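In: sequence plus the predicted model coming up.
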Amino acid sequence: MLFMFFLMAFLPAPAQGIFQLCSYLTLCSRPDSADGFLSPSRSSSRNGEKDWENGSTTSSVTSNTEYTGPRLYKEPSAKSNKHIIQNALAHCCLAGKVNEGQKNKILEQMEKCEANNFLILFRDAGCQFRSVYTYCPETEEITRLAGIGPKSVTRRMIDGLYKYNSDKKQFSQIPAKTMSASVDAVTIHNHLWQTKKPATPKKVVPAQT
């Protein structure tokens, strides 16, 4: 570089201008000097791009970190029909002042029970209320909670399946043959209600002498 300036001192004025132009073009053609001629605004924008890249890398690492906070609420696997059965008892099965005591007692027992699904047992197709059972869809266990009837009901004991209509406030029999969580009431075979009468002891007639 010093040699170039020394040479310019001995050149005439027109030649010096041409030589300066060639020197400038030579410096601009160097790849490592391109950043040196960038404007301040472009230089700052490029630095901003680097900062953004660093920031995005940091955020992506943070987002991949495993969540260690409190567990979120998990919806139960099976929907509960407790509210439907309670409405059926209040407005259909045990409606009126006469049944108020029995109704309140059963509703209280249902509130204390942790089961999700309940069934009403009818005496027959006339939908005469007998009892309330808990129903577990996973194990198909039907266990008496309150009322009159068998302690447990199996699939073979079931005769009819019923669904409650909240708008019409009445039950209707459904054609399904398999128990599911959508069933609200059942009937059992008639012979299961028949109880054996205890045998009366025979009178002993004293022998005549």
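Out: Ah, there it is.
In: can you pull the pLDDT of the residue nearest to Leu107 when sequence neighbours are not counted?
Out: Nearest non-adjacent residue to Leu107, counting by CB to CB, 6 or more residues apart in numbering: Gln86, 6.0 Å away. In this view, the C-beta of every residue, glycine as well, is placed from N, C-alpha and C. pLDDT recorded at Gln86 is 96.
In: which SS class is Gln86?
Out: Classification of Gln86 using DSSP: H, G, I helix; E, B strand; the rest coil returns helix.
In: now swap in Ala146 and tell me
Out: strand.
In: give the contact list for the nearest residue to Asn165 once chain neighbours are set aside.
Out: Nearest residue to Asn165, sequence neighbours excluded (CB to CB, 6+ apart): Ser172, at 6.3 Å. Neighbour list for Ser172: Tyr162, Lys163, Asn165 [criterion: CB atoms under 8 Å, 6 or more residues apart in numbering].
In: quick check, nearest of those to Lys82?
Out: Using CB to CB, Lys163 is the member of the contacts of Ser172 that lies nearest Lys82, at 15.6 Å.
In: would you check that that closest one makes contact with Asp184?
Out: Yes - the pair Lys163 / Asp184 is scored as a contact, 5.6 Å apart, by CB atoms under 8 Å.
In: out of the two, which sits in the busier spot?
Out: Set side by side, Lys163 and Asp184 show more neighbours around Asp184, with 21 against 14, by other CB atoms under 10 Å.
In: could you measure from that one over to Leu161?
Out: Distance, Asp184 to Leu161, by CB to CB, to the nearest Å: 9 Å.
In: now swap in Met110 and tell me
Out: Remark: distance between Met110 and Leu161 (CB to CB) = 21 Å.
In: do a quick rundown of the helices in the chain.
Out: For the chain, the helices defined by DSSP state H occupy 2-8, 13-28, 40-63, 82-88, 100-112.
In: other residues contacting the fourth one?
Out: Contacting residues not belonging to helix 82-88 are listed as 107, 110, 115-120, 132, 164, 166, 171, 184-185 [CB under 8 Å, 6+ apart].
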